[in-house]
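A.B. asks: Everything below, folded, please.
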Amino acid sequence: WNGRKRKSHQTEPSSARARLDIVLSSSPRGDWHAHPQLAGPFPTMSSSTAPSPPSPPPLSKPVVFATSGLGGVLGWAIVHPANTVAVRMNLASMQGKQFSFSAMIKENGIKSLYDGLSAGLWRQVFYATSRFGLFETCRDQLHEIRGKTDFAGRVVVGAATGATAALISCPMEVATVRMSNDATLPAAERRNYTGVFDVVRRMYAEEGVSAFYRGATPFAQRAALVGVFQVATLDQFKELYSHYLSQKKNSIPNVFCAAMTSGFIYSIATMPLEASKNRMASQKPDPKTGKLPYTSTIQTLRAVSAKEGFLSLYNGFLPYYMRCGGHTVSMFVIVQMIRDQYRSLM
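C.D. replies: Coordinates of the predicted model:
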């Protein structure tokens, strides 16, 4: 029996061994990785590593625009008080006053921090929806044309879509600035707006359509820089932190770190343009000459720097960064959460 068994063992190879010999003999390189039928019985180093999870399906364009706008609105509701303080600090020197937070609260109450909230939310409906929706749409379209998405492409798309969004939302930006700062003006100079629709109605009736676009140039210039420094660099920082900090891209920690870095950079870069936009949006014609004191971005920057010093353009930087960084973080985190929830329901 032992002889027969030994002979059978020698003359009848196992099916797995036979399959290996047959397949390898048919391969000019002897490469079993090329043969899927060997993946199970003969595991390799590569097969022991778990496959990377599949990329989530792309969202439809209406969902991209809707989630961008909703994230912008919810994020703004969080940071609007910081914007109110930033606007008032920035414009205080124009009125020849020294800003004091405690005096502001004592005089106008804590609720004054939310002056202009309705206009700010409407601004985000137009601004955030178009800015981020257009950015992602144009970025993806550019990828289809060029076959890649690099930093230069993000910069160009971010600048173009940012400026476009600013022009779309400029009337609401002017309304936000005026409503946020109205309570700090002398009683005789206050406009006493009752709401965002009252601002729109009175601006059109009293000052004409052009008033809706006062400060549009620095606003568009600022938005273009925001598009570069916030939107474009956000994608880049996501990839950097994903690579160097081993963060999962688009996870909440990844979005938070990228948004904080992006927000700080664009706050420094855009503060002078923000100051110019605020002054041009809130200005009134000179009672004697009937002319507006600020007529262009360059003229405003020069006039303010000559009269008050260049650093006066950075008055209110801390609350401005709290607004910029806070809105960047809250908006992108909220957008990511909304999109993750939407995908989970698909």
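A.B. asks: Name the residues of the helix or strand hosting residue 259 that are buried.
C.D. replies: Using DSSP states H and E, the element containing residue 259 is helix 252-282. Buried residues in helix 252-282, counted by 16 or more other Cβ atoms under 10 Å: 254-259, 261-263, 265-267, 270-282. C-beta: built from backbone N, CA, C; applies to glycine.
A.B. asks: in the helix or strand that it is followed by, what's buried?
C.D. replies: Going down the chain from helix 252-282, the next helix or strand is helix 297-308, by DSSP H and E. Across helix 297-308, burial judged by 16+ other Cβ under 10 Å covers 297, 300, 301, 304.
A.B. asks: what about helix 297-308, distance to the chain center?
C.D. replies: 29 Å (Cα atoms, centre = their mean, to the nearest Å).
A.B. asks: Check which helices and strands that helix is in contact with.
C.D. replies: Under the contact definition 3 or more Cβ pairs under 8 Å, 6 or more residues apart in numbering; DSSP states H and E, helix 297-308 sits against helix 216-226, helix 252-282.
A.B. asks: Export it to CSV, keeping only CA atoms.
C.D. replies: Provided in CSV are the C-alpha atoms of helix 297-308 (Å, rounded to 0.1, in the frame of the first residue of the first chain):
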residue,chain,number,x,y,z
THR,A,297,-9.6,101.3,-5.6
ILE,A,298,-6.2,102.9,-6.2
GLN,A,299,-7.5,106.4,-5.3
THR,A,300,-9.1,105.0,-2.1
LEU,A,301,-5.9,103.2,-1.1
ARG,A,302,-3.8,106.3,-1.8
ALA,A,303,-6.1,108.7,0.0
VAL,A,304,-6.5,106.5,3.1
SER,A,305,-2.7,105.7,3.2
ALA,A,306,-1.8,109.4,2.9
LYS,A,307,-4.3,110.7,5.4
GLU,A,308,-4.4,107.9,8.0
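A.B. asks: my read: residue 292 touches residue 281, true?
C.D. replies: No: applying Cβ atoms under 8 Å, one finds residue 292 not in contact with residue 281, separated by 11.1 Å.
A.B. asks: Quick check: neighbours shared by these two?
C.D. replies: Common neighbours of residue 292 and residue 281 (criterion: Cβ atoms under 8 Å, 6 or more residues apart in numbering): residue 214.
A.B. asks: The stretch 1-150 of the chain: helices as residue ranges?
C.D. replies: 2-11, 15-25, 61-92, 101-108, 117-146 (DSSP state H, counting those that start in this stretch).
A.B. asks: For residue 192, which three-state class applies?
C.D. replies: coil (DSSP: H, G, I helix; E, B strand; the rest coil).
A.B. asks: list the contacts for it?
C.D. replies: residue 182 are the contacts of residue 192 under Cβ under 8 Å, 6+ apart.
A.B. asks: Backbone dihedrals for it, please?
C.D. replies: Backbone torsions of residue 192, given as degrees, to the nearest 10, read phi 50, psi 50.
A.B. asks: what does residue 58 give?
C.D. replies: Taking degrees, to the nearest 10, you get phi -60, psi 150 for the backbone angles of residue 58.
A.B. asks: Can you check the pLDDT for the spatially closest residue to it that is not a sequence neighbour?
C.D. replies: Spatial nearest neighbour of residue 58, excluding adjacent residues (Cβ to Cβ, 6 or more residues apart in numbering): residue 140 at 7.8 Å. For residue 140, the model assigns a pLDDT of 88.
A.B. asks: Against residue 72, how distant is residue 140?
C.D. replies: To residue 72, residue 140 is 19 Å away according to Cβ to Cβ, to the nearest Å.
A.B. asks: The two: which has the busier surroundings?
C.D. replies: More neighbours surround residue 72 than the other of residue 140 and residue 72, with 28 against 14 (other Cβ atoms under 10 Å).
A.B. asks: doesn't residue 127 make contact with the more buried one?
C.D. replies: Yes: taking Cβ under 8 Å as the definition, residue 72 is a contact partner of residue 127 at 6.8 Å.
A.B. asks: Test my guess that residue 154 contacts residue 136.
C.D. replies: No: assessed by Cβ under 8 Å, residue 154 is found out of contact with residue 136, at 10.7 Å.
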